[in-house]
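Asker: Following is a predicted model, sequence given first.
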Amino acid sequence: MTIDLRDALRLYLVTDQQALRGRSLTDVVLQAVQGGVTCVQLREKTASTRDFVALACALNALLKPYRVPLVINDRIDVALACGARGVHLGQSDMPAAQARQLLAPEVFIGLSVESPDDVRRAAVEPVDYLGVSPVFATPTKTDTAPPWGLAGLRQVRTMTDLPLVAIGGYSGRA
């Protein structure tokens, strides 16, 4: 399945099991895709590797008929195990150059950037998109740099031609 990355990144869901309020993750993801989500990032900070892989495989199978790519947060091993279409790396994760050596060429790599210096360094990395993090403060991830805001997001846009994903801003209210 070939994808147009810019189209795939239009409405990007980052999962958070803490925000499910008793619903199953697969049900929430399916409803999100039916509502227009074009990319799903599976973010599991506390799951065991076995559970993470099982969940990733289930979501990948769910998303495949919809041609919605699954992106795995942080974990190259899980992405390889489930055949994910992408991985998203943070500044403290495996370097993108090493991840690129391990992944098939069609697997895309996203990188979180939290400062203008991160954006400049990303210019020489083998990444396919940047996650600008956080654009607004978010209670789902508290170990972030100060929010960029919309002015910061515009600044990043002037610094790179890579597709951008604005991250942050979930209030926890549904």
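Answerer: That came in fine, so what should we check first? Residues are numbered from 1 along each chain as shown.

Asker: if I look at residue 42, how far off is residue 160?
Answerer: 25 Å (Cβ to Cβ, to the nearest Å). Every C-beta, even on glycine, is put in place using the N, C-alpha and C of the backbone.

Asker: Given the longest strand seen in the chain, what are its sheet partners and their directions?
Answerer: Counting by DSSP state E, the longest strand found in the chain is strand 108-113. Strand pairing for strand 108-113, determined by DSSP bridges: strand 86-89 (parallel), strand 129-132 (parallel).

Asker: So the residue located most distally from the centre of the chain, which state does it fall into?
Answerer: For the chain, the largest distance from the centre (Cα atoms, centre = their mean) belongs to residue 22, which lies 23.1 Å off. When classified by DSSP: H, G, I helix; E, B strand; the rest coil, residue 22 comes out as coil.

Asker: Now it, what are its backbone angles?
Answerer: The phi and psi values for residue 22, taken as degrees, to the nearest 10, are phi 90, psi -10.

Asker: Next up, identify which helix or strand residue 51 is on.
Answerer: helix 49-63 (DSSP states H and E).

Asker: Going by contacts, tell me the helices and strands next to that helix.
Answerer: Where contact means 3 or more Cβ pairs under 8 Å, 6 or more residues apart in numbering; DSSP states H and E, helix 49-63 is packed against helix 25-34, strand 39-42, strand 70-73, helix 76-82.

Asker: Only the C-alpha atoms, please, for the longest one, written as CSV.
Answerer: It stands for helix 25-34. The C-alpha trace of helix 25-34 is given here as CSV (Å, rounded to 0.1, in the frame of the first residue of the first chain):
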residue,chain,number,x,y,z
LEU,A,25,-9.1,1.2,22.2
THR,A,26,-10.1,-0.6,19.1
ASP,A,27,-13.7,0.8,19.3
VAL,A,28,-12.4,4.3,19.8
VAL,A,29,-9.9,4.0,16.9
LEU,A,30,-12.5,2.6,14.6
GLN,A,31,-15.0,5.4,15.4
ALA,A,32,-12.2,8.0,14.9
VAL,A,33,-11.3,6.5,11.5
GLN,A,34,-15.0,6.4,10.5
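
Asker: Offset the numbering so it begins at 22, please.
Answerer: Okay, using 22 as the starting number, the last item reads as helix 46-55.

Asker: Tell me what angle it forms with helix 70-84.
Answerer: Interaxial angle, helix 46-55 versus helix 70-84 (axes from the mean of the first three to the mean of the last three Cα atoms, to 10 degrees): 30 degrees.

Asker: what's helix 46-55 in contact with?
Answerer: Outside helix 46-55, the residues that touch it by Cβ atoms under 8 Å, 6 or more residues apart in numbering are 34, 36, 38, 41, 58, 61, 76, 79-80, 83-84, 87, 89.
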